[in-house]
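**Q** Sharing a model prediction with you, sequence too.
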Amino acid sequence: MSHSDGDEFGFSSGDEEALLAIPDNPQPSGMKRKSDSNDQDFPSKRHASSSQEFTNPAIEHLAQKLLIERFGIPKFRLEQKAAVSRLLHGKNAVVVFPTGGGKSLCYQLPAIVFPELDRLEGVRGPDDHGISIVVSPLIALMKDQVDALLKKGIAAAAMDSSKSREEFLQLNSDIREGRIRLLYCAPERLNNEGFVSSIKFVRGGVRMIAIDEAHCISEWGHSFRPDYLKVARFASEIKAERVVCLTATATPKVADDICKVFDVDSHGLFRTPMYRPNLELDIQVTQTKLQKFPHMFKFLRANPGPTVIYVTIQKQTEALAEDLRAKKFKARAFHSGLPTELKTQVQQEFMEKDDIIIVATIAFGMGIDKSNIRNVIHFDLPSSVESYSQQIGRAGRDGLKSKCVFYLCPEDFYLREIFIYGDLPSRDSVSRFLNDVFKSEHVALDVGETIEVSQYAQAREFDIRPNTLSILYAQLELKFGLIRATGSKYAQYSFEATHSYYQAQSAQTPAANAIKRYAAKAKTLHHIDAGAASSSSGVVRADIVRQLNDWDERGIIKLKASGVTHLFRIEQKLPSKPENVELILNGLYKEMEDKEHQEMIRSEQVMSLITGASCLSRGIAAYFGDTSMDFVECGHCSWCKTHKAIEFKPLPARHTSQGVIAEILAATDVRDDPRFLARVAFGIQSPRITALKLSSHNVFRSLGEEGYHFLDLLREFTIACGTKASSAVAASAPSSRTSSTSKKGMKPGTKLVARSSSASKSSSSYKSRGSSSTRGSTYSSRGSTSKSRGTGYSSRGSRGSRRPRESSYIPPFYNPFK
Ligand SMILES: Nc1ncnc2c1ncn2[C@@H]1O[C@H](COP(=O)(O)OP(=O)(O)OP(=O)(O)O)[C@@H](O)[C@H]1O
């Protein structure tokens, strides 16, 4: 299975190292500690009012003036004015505007009004206007916004890893001295204590925190990130004067959650109508994935113009773009795994021209400000109504008629299941992970001491995906209050030395001497463990790292860092009694199961929406709690045009062949983890499957075709392993979930062995009919089925007999819109 951009933000966590070399910021002389400040000093707070409009004409005048002067925008749109007013009057706000609705202005404008207002009111010194912080998960978007603000003469900066050490030190000094108006950072930055404490000492304090993609705060949101909850803690720790949360997709429940976290009353929630009168919403059902191609080609020929086609996984973007190019369309692939320069180039071309088709994962779109996108196509099933509405929302921002086509076929569900069931590790995995975190040497540590872990190693050892592991750590921090992330560091550095490295003058500092002494030379590379070198030489680790970076920047060495370790400070004595660890395990695991269940419901909600016997536009509006549509039917969706519900029959579920089950069991000696075995059979990657190279074994994905369902396989393997039905099996019915699985009879820490089984792969008979594969292409106009394994595109029905039975996955639909 190729990579997906399952993470809608293409999150990057590799930007912490730069901060580690920075000493804790001492409080510069003459600087006022934010916590020492008296709220009375801050005039913006004194204007607090529950009114939605400006109550102070001077503030209104300033805001209007700067809107025109600095942004070149003549007037506010939607609820911008009310939101800006509320913030300038010192209150928190939650802004739910559609994509492209102008959310950014809601924080960018106040950030530049604050100093003007201070001057007008004659309060605060010239460098005491404070800073506004924007927390955004979109690192690429941050850079674009910063560039755009700098062009407008607004002092903005992004705290990211692309900076040289000099730039980084300069930025730190600018921040401390109050020279920056808007500072962008990723939520992960808040895991760095150095950063958090430096912000506490910013001159003039933090005037505002803007939280972009704020739906990530809510566990009811479609991309809940526990790390996002740290933003709330951060806001309170640094005593931010006000907070504004912004999102394009918030159901009433999600909006309510966000409001609760930041204590925002109903007057502080600004929503705009979801309804887009210029979008035609069309649903097209085909029997097979392959049949989607000619339909789509025909549509694209008839409807030229800037187009975005959404697919689920990265490989598909390239394959489908190639297919389109073969048909003479100007198609480009886009996904988060592409090199940055290529992504920039593709985006630029799309922005500049009007005949480009982008085939993209969800990574494309946020921050793309192109008003004339004429078509948005869903070639795969989106993960939620939120994703669907956000993606179609990118079409026709210019208000002109635009088309959104959703192609649906029964095969689409295989890929969705891969995502739904890919994240939850087995309960045993989580249990072994917790026992590692709470091992005796950690338990022996006192509160305030630090533990250092390699999440990479843990992911492999306990078979937990890295993102899931981060969630577990965030829960131990936020829910159980046991640890607190303080930063991360690279364990190993390797470098290639140039001649200058060997010259005497390169070793003039104690750190340089330590490196020369402790870096071991292998064939071409030198390797150094910065921590070990620090302990042996007595030189501070940060100095060693700094010296390495310095040499790297000066071209003296070519540096590579690896083996990131994460540091956590112990906040409460770690539990040592098995029963206490079990309690934590129960809490964590239940939440993870619930999340999996929610993901399944989200897919069902998408299906309910598009197959329902009612207006699609109205359904979307209802989903988001928008009751402003004062008519029953939009007249421009599939339902309104035909008044026939979309007919869609899922594939009958297949019975699992015991022979194939036996082949999978023969390929590995794992018997204590049915979920692991079901993943192998269904074709879901996991760190341990990768480590054992099982994904290239012929049993991998041998039951991973349409018609098979992961939960059925899990049940089969649970029986085959002779364990009780695990709680994971009950994920489809969480209320009846049992809380714990017996560990008796299990082989804890069983070494997994991927044997090179001679078992013939059941899917080996699955051959393309007629033509050979078209170099990874997914479509052949001659009607052949080139199955590109792992792309999710495969023709159906060429293998094995199927016994029809009701699918355990699709119906009955849960329809929230009725
Ligand atoms: N009041 C306004 N009048 C005219 N144009 C505006 C106004 N407010 C914002 N814009 C413009 O609308 C475009 C989209 O704004 P912005 O990027 O802030 O939207 P967004 O809501 O953050 O979108 P997304 O959800 O895609 O991030 C920008 O070009 C911005 O300059």
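**A** Arrived safely.

**Q** need the residues of this protein near the ligand, please.
**A** Counting by C-beta under 6 Å from any ligand atom, the chain comes close to the ligand at 73, 76-77, 80, 97, 99-105, 248, 366-367, 369. C-beta: built from backbone N, CA, C; applies to glycine.

**Q** mind redoing it with 8 Å?
**A** Residues of the chain lying close to the ligand by C-beta under 8 Å from any ligand atom are 67, 71, 73-78, 80, 97-106, 141, 212, 246, 248, 365-369, 371, 390, 393-394, 397.

**Q** How far does the helix or strand harbouring residue 451 sit from its chain's centre?
**A** Assigned by DSSP states H and E, residue 451 belongs to strand 450-453. Relative to its chain's centre, strand 450-453 lies at 25 Å (C-alpha atoms, centre = their mean, to the nearest Å).

**Q** what about the closest residue to residue 300 other than its chain neighbours, how many residues close to it?
**A** Distances taken as C-beta to C-beta, 6 or more residues apart in numbering put residue 329 closest to residue 300, at 6.1 Å, once the chain neighbours are dropped. The number of residues packed near residue 329 is 20, by other C-beta atoms under 10 Å.

**Q** Next one: residue 329 from the ligand, what distance?
**A** 25 Å (C-beta to the nearest ligand atom, to the nearest Å).

**Q** One more: residue 721?
**A** Residue 721 is 46 Å from the ligand, by C-beta to the nearest ligand atom.

**Q** which residues does that residue contact?
**A** 671-674, 677 (C-beta atoms under 8 Å, 6 or more residues apart in numbering).

**Q** Out of the residues you listed, flag the one nearest to residue 119.
**A** residue 673 (64.7 Å; C-beta to C-beta).

**Q** Not counting sequence-adjacent ones, nearest residue to the closest one?
**A** Leaving aside its sequence neighbours, residue 673 sits nearest to residue 426 (C-beta to C-beta, 6+ apart; 4.8 Å).

**Q** any idea of the mean pLDDT for the strand holding residue 451?
**A** Strand 450-453 shows a mean pLDDT of 94 in the predicted model.

**Q** helices or strands up against it?
**A** In this structure, strand 450-453 packs against strand 557-570, with contacts taken as 3 or more C-beta pairs under 8 Å, 6 or more residues apart in numbering; DSSP states H and E.

**Q** so where's the stretch 601-750 of the chain uncertain?
**A** Within the stretch 601-750 of the chain, the segments meeting pLDDT under 70 span 723-750.

**Q** Excluding chain neighbours, what is closest to the residue in it that the ligand sits nearest to?
**A** Closest approach between the stretch 601-750 of the chain and the ligand, counting by C-beta to the nearest ligand atom: residue 624, at 14.2 Å. Of all residues not flanking residue 624 in the chain, residue 274 sits nearest, at 5.1 Å (C-beta to C-beta, 6+ apart).

**Q** hang on, that neighbour in a helix?
**A** No. Counting by DSSP: H, G, I helix; E, B strand; the rest coil, residue 274 is not found in a helix; it is coil.

**Q** wait, it sits on residue 386?
**A** No. Using C-beta atoms under 8 Å, residue 274 makes no contact with residue 386, being 11.1 Å away.

**Q** doesn't residue 132 make contact with residue 184?
**A** No. In this structure, residue 184 is not within contact of residue 132 by C-beta under 8 Å, at 9.9 Å.

**Q** Would you tell me which helix is longest in this protein?
**A** For the chain, the longest helix by residue count, based on DSSP state H, is helix 578-611.

**Q** State the distance from residue 64 to the ligand.
**A** Relative to the ligand, and taking C-beta to the nearest ligand atom, residue 64 is found at 11 Å.

**Q** What is the burial count for the closest residue to the ligand within the stretch 351-500 of the chain?
**A** Closest contact between the stretch 351-500 of the chain and the ligand, by C-beta to the nearest ligand atom, is at residue 369 (4.7 Å). Taking other C-beta under 10 Å as the criterion, the count of residues near residue 369 is 12.

**Q** ok, now residue 125?
**A** With other C-beta under 10 Å as criterion, residue 125 counts 11.

**Q** for it, phi and psi?
**A** In terms of degrees, to the nearest 10, the main-chain angles of residue 125 are phi -80, psi 170.

**Q** Give me the pLDDT value at it.
**A** In the predicted model, residue 125 carries a pLDDT score of 81.

**Q** now swap in the one 5 residues further on and tell me
**A** Residue 130 carries a pLDDT value of 94.

**Q** What distance do you get for the closest residue to it other than its chain neighbours to residue 149?
**A** Using C-beta to C-beta, 6+ apart and skipping residues adjacent in sequence, the residue nearest residue 130 is residue 204, 3.3 Å away. The gap separating residue 204 from residue 149 is 19 Å, by C-beta to C-beta, to the nearest Å.

**Q** repeat for residue 532
**A** 43 Å.

**Q** low pLDDT regions in the chain?
**A** Using pLDDT under 70, the flagged stretches of the chain are 1-54, 161-165, 220-223, 504-507, 723-818.

**Q** per-domain residue ranges of this structure.
**A** 47-271, 658-789 (automatic domain parsing).

**Q** how far is the first one from where the chain is centred?
**A** Mean C-alpha position of domain 47-271 versus that of the full chain (C-alpha atoms, centre = their mean) differs by 21 Å.

**Q** and what of stretch 521-536?
**A** 34 Å.

**Q** Please save the CA atoms from it in PDB.
**A** This file holds the C-alpha atoms of stretch 521-536, laid out as PDB (Å, rounded to 0.1, in the frame of the first residue of the first chain):
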ATOM      1  CA  LYS A 521      34.900   7.300  11.300                       C
ATOM      2  CA  ALA A 522      33.400   4.400   9.300                       C
ATOM      3  CA  LYS A 523      33.900   3.900   5.600                       C
ATOM      4  CA  THR A 524      32.900   7.400   4.400                       C
ATOM      5  CA  LEU A 525      30.900   8.800   7.300                       C
ATOM      6  CA  HIS A 526      31.800   9.800  10.800                       C
ATOM      7  CA  HIS A 527      29.200   8.900  13.400                       C
ATOM      8  CA  ILE A 528      28.700  10.600  16.700                       C
ATOM      9  CA  ASP A 529      26.200  10.100  19.500                       C
ATOM     10  CA  ALA A 530      25.900  13.700  20.800                       C
ATOM     11  CA  GLY A 531      24.600  12.600  24.200                       C
ATOM     12  CA  ALA A 532      27.400  10.100  24.800                       C
ATOM     13  CA  ALA A 533      30.000  12.500  23.500                       C
ATOM     14  CA  SER A 534      28.600  15.100  25.900                       C
ATOM     15  CA  SER A 535      28.800  12.800  28.900                       C
ATOM     16  CA  SER A 536      32.300  11.700  28.100                       C
END
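
**Q** Contacts for it next, please.
**A** 489-497, 514-515, 517-520, 539-541, 544-545, 548, 557, 560.

**Q** Tell me where the stretch 201-350 of the chain has helices.
**A** Using DSSP state H, counting those that start in this stretch, the helices found in the stretch 201-350 of the chain span residues 226-237, 252-261, 292-302, 314-326, 340-352.

**Q** could I get those as CSV with mean neighbour count and distance to residue 573?
**A** Formatted as CSV, those follow (neighbours: other C-beta atoms under 10 Å; distance: least, C-beta to C-beta, whole Å):
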stretch, mean neighbour count, distance to residue 573
helix 226-237, 20, 21
helix 252-261, 20, 28
helix 292-302, 17, 57
helix 314-326, 23, 44
helix 340-352, 14, 44
